[in-house]
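Undergrad: Quick one: sequence and predicted model below, then my questions.
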Amino acid sequence: MRLSHYFMPTLREVPAEADVVSHVLLLRGGFIRQLAAGVYSHLPLAQRALLRIRQIIREEMNRIGGQEFHLPAIHPAEVWQATGRWEVMGDNMFRLKDRWGRDMCLGMTHEEVFTSIARNELRSYRQLPQIWYQIQTKFRDEPRPKSGLLRVREFTMKDSYSFDVDRDGLDTSYRLHYDAYCRIYARCGLDYFAVEAHSGSMGGSQSHEFMVRSDAGEDLVARCAACGYAANLEKATNRLAPVADTEPAGPEPVRVATPGQKTIEEIANFLGVPAPNQIKTLVYMVDSKPTLILMRGDHQLNEAKLEAVTGTGLLRPATAEEIVAAMGADAGSLGPVGVQHLTILADEALRGRRNMTTGANATDFHIQGVTPDVHFTAAYHDLRTVADGDLCPGCGAALGVFKSIEVGHIFKLGTKYSDALGATVLNRDGQSVPIVMGSYGIGAERILSAAVEQCHDDKGIIFPATIAPFDVIIVPVSMEDSRLVETADRFYAELRAAGLEVLYDDRPERPGVKFNDADLVGIPVRITLGTKKLAQGLAEVTVRREAKAVDCPVGEVTGRVTAALAALRAEIEARARDIRSLQ
RNA sequence: CGGGACAUAGCGCAGCCUGGUCAGCGCGCCUGCCUUGGGCGCAGGAGGUCGCAGGUUCAAAUCCUGCUGUCCCGACCA
């Protein structure tokens, strides 16, 4: 493309609404423009990068036997009502009525539609397994769109669905996807990792998220650098370091006055009892019933785990009034001793401890010498939130906790949707069995954003060669010098003939403007043509990532550029070949 | 939905408290000259219902009310 007539509206200044790096750079580089909150137009540069990303996804899906579909984005209410998700999805679903007043919606995901095709068409185990996918627009009316393309209300997702006769088949399809996803991210040049995850509203058993570490991300994950253990913080656990218990003063707990001392820290100072030797007592309303939650003093409750344990999403911290009503004391003085009328859930970290300090259920009093299972009984579960530096459950090394962008998520659905929609096949024994399904999603724009988050410097984007909108940019320092222009024209023709995507900056701009734009939009290789060098028969080739110009005889430029790109791509592809399969 | 902020030219902003030569600046854009290795210089020029609707006032970008939109912090997800 000749840049003089290419639509690449770069911005010198940072638009006020952008505060994460990828948003700023995609806006400044002329990749995207906002139409409404969480709704973006993709300009030509973004479209090019996204087409490359989609092509990589397509190749890897095809490699595992996926068959590409294209399903409607507009759905009748019936299929969603059949699975109950017409209600479950709530305000996140864009809803509309057709001219007859029938309820319709914009597709958020396609389990229902793909499953109804499977129900109507798949009859026999002999037709299985199937992997069906599409790359298509999804609509989700997010409560809070943010961070440019990272959280939007309309986006393109590659979603795929696997259909198997049994669990073993699902395991295989799941593993194929896991490996395909690894290859996709690697080929897009991302430094990614997979974490164990929570299934959320999708339902199902096993689930992994694919993550790219970035402060712009919204998920917290715990990861062990030593053994590779990684999990979403909603699910992560840790190995407990031994805590020294002291001898209690006597067999029974001792009540002590603690006037005005409420927090764990205040009690630690006032009574000289370190936080790990205290029991933190929380009251949660679970399905509207007050429930006691016991944590070690230095631990934080993880609400996602509590949800999983109680099996309900209807939980919240009790209000001050509810606490007094249930416990007869204020929040700062609660404890489990003597509580008979409430369910008591305790974190595993309290099991086997002795001589703990906790609230006395009388405002401004605590009790000491409390031993779990002696002075109170509770059901033990893993309820704590892992913190940075906690011990890896696998190997005992220190875990790191950091933010990440979720670029993909895979689920073992089981028969949730096939049961709801009646999708069955006959198995080998002639029995009708529900199809066992998996569901797998990748956000294309998130890959783009994550790549920008991960690959940039103070001048702009440094695109991985595999997803860059152009391979190479030709920058003649002046368009007035006919020798420069002739040479640039020739490079332009040669490089295109060599199969490269070439951007030719033929604008009558000063060199600084061209260099800055080239750096901003992140094209991997730049050819610079200057008068003095050209007089010696030389041009310059600069790899964006390395940022240093290398002189090159004019006749060798095409070869040099082709080789440089091949090297960049080979480095990326090597990582894709090197992936570790799901065990 | 709860909390916080913002809305003035394509972009970034000032002006608002203290109503009245306040429709202003920088960048970008157009014309000409000049310049040509990291966002040149000079001269001239175009461009704004001050988010929308009410209200107060002799007078509103400025004060009041309502609405809309956008961004940020919390509950959801690719």
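TA: Right, received. Where do you want to start?
Undergrad: Residue in chain A with the shortest distance to RNA strand B?
TA: The nearest approach of chain A to RNA strand B comes at residue A:530, 1.7 Å away (CB to the nearest atom of the strand). All C-beta atoms are positioned from the backbone trio N, CA, C, and that covers glycine.
Undergrad: what number of residues lie near that residue?
TA: The number of residues packed around residue A:530, counting by other CB atoms under 10 Å, is 18.
Undergrad: need the contact list for it.
TA: Shown in contact with residue A:530 (CB atoms under 8 Å, 6 or more residues apart in numbering): A:477, A:484, A:540.
Undergrad: mind redoing it with 7 Å?
TA: residue A:477 (CB atoms under 7 Å, 6 or more residues apart in numbering).
Undergrad: Report pLDDT for it.
TA: Residue A:530 carries a pLDDT score of 96 in this model.
Undergrad: Now the phi/psi pair for it, please.
TA: phi -120, psi 160 (degrees, to the nearest 10).
Undergrad: Equivalent analysis for the one 4 residues further on, please.
TA: Backbone dihedrals for residue A:534, given as degrees, to the nearest 10, come out at phi -60, psi -30.
Undergrad: does it really touch residue A:484, like I thought?
TA: Yes. If you go by CB atoms under 7 Å, residue A:534 and residue A:484 touch, sitting 6.1 Å apart.
Undergrad: Quick one: residues contacting residue A:537.
TA: Residue A:537 neighbours (CB under 7 Å, 6+ apart): A:553, A:554.
Undergrad: got it, and the one 5 residues further on?
TA: Taking CB under 7 Å, 6+ apart as the definition of contact, the neighbours of residue A:542 are A:526, A:528, A:548, A:549.
Undergrad: Which element, helix or strand, includes the residue nearest to the first one when sequence neighbours are not counted?
TA: Leaving out its chain neighbours, the residue that sits closest to residue A:526 by CB to CB, 6 or more residues apart in numbering is residue A:542, at 4.5 Å. For residue A:542, the element it lies in under DSSP states H and E is strand A:538-543.
Undergrad: is the residue nearest the centre of chain A in a bridge, and if so with what?
TA: For chain A, the residue sitting closest to the mean C-alpha position, by CA atoms, centre = their mean, is residue A:406 at 0.7 Å. Listed by DSSP bridges, the beta-bridge partners for residue A:406 are residue A:211.
Undergrad: does it really touch residue A:212, like I thought?
TA: No. Contact criterion CB under 7 Å: residue A:406 and residue A:212 do not qualify, at 8.3 Å.
Undergrad: wait, residue A:426 sits on residue A:124?
TA: Yes. Contact between residue A:426 and residue A:124 holds when scored by CB under 7 Å: they sit 5.4 Å apart.
Undergrad: Overlap in contacts, the two.
TA: In terms of CB under 7 Å, 6+ apart, residue A:426 and residue A:124 are not both contacted by any residue.
Undergrad: Need phi/psi at residue A:378.
TA: Torsion angles, degrees, to the nearest 10, at residue A:378: phi -150, psi 160.
Undergrad: Also residue A:430?
TA: phi 80, psi 10.
Undergrad: ok, which stretches of the stretch 1-150 of chain A are helices?
TA: Assigned by DSSP state H, counting those that start in this stretch, the stretch 1-150 of chain A shows helices spanning A:21-28, A:44-63, A:77-83, A:85-88, A:111-121.
Undergrad: start to end distance for stretch A:413-433?
TA: Distance across stretch A:413-433, first residue to last, is 15 Å (CA to CA, to the nearest Å).
Undergrad: Kindly report the same for stretch A:329-344.
TA: Terminal residues of stretch A:329-344 lie 17 Å apart, using CA to CA.
Undergrad: and it, how far out from the chain's middle?
TA: Averaged C-alpha coordinates place stretch A:329-344 at 38 Å from its chain's average position (CA atoms, centre = their mean, to the nearest Å).
Undergrad: Contacts for it, please.
TA: A:253, A:262-263, A:279, A:281, A:283, A:290-292, A:294, A:320, A:323-324, A:326-327, A:358-367, A:370, A:375-376, A:378.
Undergrad: Among these, name the ones in strands.
TA: A:279, A:281, A:283, A:290-292, A:294, A:358-362, A:365-367, A:370 (DSSP state E).
Undergrad: Name all residues that make contact with the closest residue to residue A:299 other than its chain neighbours.
TA: Leaving out its chain neighbours, the residue that sits closest to residue A:299 by CB to CB, 6+ apart is residue A:384, at 4.2 Å. Residue A:384 makes contact with A:295, A:299, A:300, A:302, A:347, A:349 under the criterion CB under 7 Å, 6+ apart.
Undergrad: Same question for residue A:297.
TA: With the criterion set at CB under 7 Å, 6+ apart, residue A:297 makes contact with A:264, A:275, A:276, A:277, A:278, A:279, A:280.
Undergrad: among those, who's most crowded?
TA: Within the contacts of residue A:297, neighbour counts (other CB under 10 Å) peak at residue A:279, which reaches 27 neighbours.
Undergrad: Please name the residues that touch that residue.
TA: For residue A:279, the contacting residues are A:294, A:297, A:335, A:350, A:356, A:358, A:370, by CB under 7 Å, 6+ apart.
Undergrad: Return the closest of the residues you listed with respect to residue A:168.
TA: Closest approach between the contacts of residue A:279 and residue A:168, by CB to CB: residue A:350, at 39.2 Å.
Undergrad: and the closest residue to the closest one other than its chain neighbours, what does it touch?
TA: Distances taken as CB to CB, 6+ apart place residue A:372 nearest to residue A:350, at 5.1 Å, with adjacent residues excluded. Listed by CB under 7 Å, 6+ apart, the contact set of residue A:372 reads A:346, A:350, A:351, A:353, A:378.
Undergrad: go with 10 Å
TA: A:279, A:294, A:336, A:346, A:350, A:351, A:352, A:353, A:354, A:356, A:378, A:380 (CB atoms under 10 Å, 6 or more residues apart in numbering).
Undergrad: Just the ones of those residues in strands?
TA: Using DSSP E, the contacts of residue A:372 in strands are A:279, A:294, A:346, A:356, A:380.
Undergrad: That's all I had, so thanks and see you.
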